[in-house]
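>>> Turn this into a model:
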Amino acid sequence: MAIRTILTQGDPALNKVCHPVTKFDSKLADLLDDLKQTLTESNGMGLAAPQVGILRRAVIVVPDPEGDEMIELVNPEILAQEGEVEDWEGCLSIPGMWGKVKRPTWVKVRAQDRNGDWFETEGADLAARCFCHELEHLDGHMYDEHTDRLYTAEELDEILAKEDEGKPRKRRRRR
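Numbering: from 1, shown residues only. All right, here's what the predicted structure looks like:
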């Protein structure tokens, strides 16, 4: 396993459509393992292969920021979605910046695992947001396309402090 460099906004690879994975071999397993290690080191909630310069349809998602589970999604597609909520979102490829983005409150995803077997998973709230965010990377899109403005972490902290009016809050993990 290796920690890979995460590409940042402006790198052309982030705006390209990824190719489907057709070989379920040790190269794919190495990529998924590297994505997991890179995601763990970066304290993020999701990471897509194009964010490390690999134009393949593979992502890792952490559905619960309090848990240790990481879901590997190869050739993923959203089958169904419901609801809508606007909330803050960040990205490891746009470090230190945040924006308000509308996403579904629930999604159902179909994908393959590292062996090529199909499965379905679903997520609500933050997990749904993560699924949508990471799958967009596979089509060359980033969350900043959905927001009017990006905010620094300091600006976000000020906004959230005003919204919370003294309520304690946990530091949000970057995606």
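
>>> who does the longest strand belonging to the chain pair up with?
Among the segments of the chain that qualify as a strand by DSSP state E, the longest is strand 71-82. Strand pairing for strand 71-82, using DSSP bridges, gives strand 58-61 (antiparallel), strand 106-112 (antiparallel).

>>> hey, where'd the strands end up in the chain?
With strands called from DSSP E, the chain shows them at 46-48, 58-61, 71-82, 85-91, 94-103, 106-112, 118-124, 151-152.

>>> which residues touch the shortest one?
To tie it back to what came earlier, the one meant is strand 151-152. 96-99, 159 (Cβ atoms under 8 Å, 6 or more residues apart in numbering). Backbone N, C-alpha and C define where each C-beta goes, glycine included.

>>> What of the third one?
With Cβ under 8 Å, 6+ apart as the contact definition, strand 71-82 has outside contacts at 20-21, 24, 28, 32, 36, 57-63, 104-114, 116, 120-121, 128, 131-132, 134-135, 138.

>>> Now the longest strand of the chain: buried residues?
In terms of neighbour count (16 or more other Cβ atoms under 10 Å), strand 71-82 has its buried residues at 71-76, 81.

>>> And stretch 90-106, by the same measure?
With the criterion 16+ other Cβ under 10 Å, stretch 90-106 contains buried residues 90-94, 97-101, 103-104.

>>> Pass me the low-pLDDT residue ranges in this protein, would you?
Within the chain, the stretches with pLDDT under 70 are 166-175.

>>> one more time with 50, if that's ok
Along the chain, the parts satisfying pLDDT under 50 run over 174-175.

>>> Go through it and flag its longest helix.
Counting by DSSP state H, the longest helix found in the chain is helix 26-42.

>>> right, and P65 touches L126 too?
Yes: P65 lies in contact with L126 (Cβ atoms under 8 Å); the separation is 6.9 Å.

>>> Settle it for me: which of those two has more neighbours?
Neighbours of P65 and L126, each counted by other Cβ atoms under 10 Å, are more numerous for L126; the result is 19 against 16.

>>> show me what contacts the closest residue to P95 other than its chain neighbours?
Computed as Cβ to Cβ, 6 or more residues apart in numbering, the closest residue to P95 that is not its neighbour in sequence is T8, at 6.6 Å. Taking Cβ under 8 Å, 6+ apart as the criterion, T8 is in contact with 93-95.
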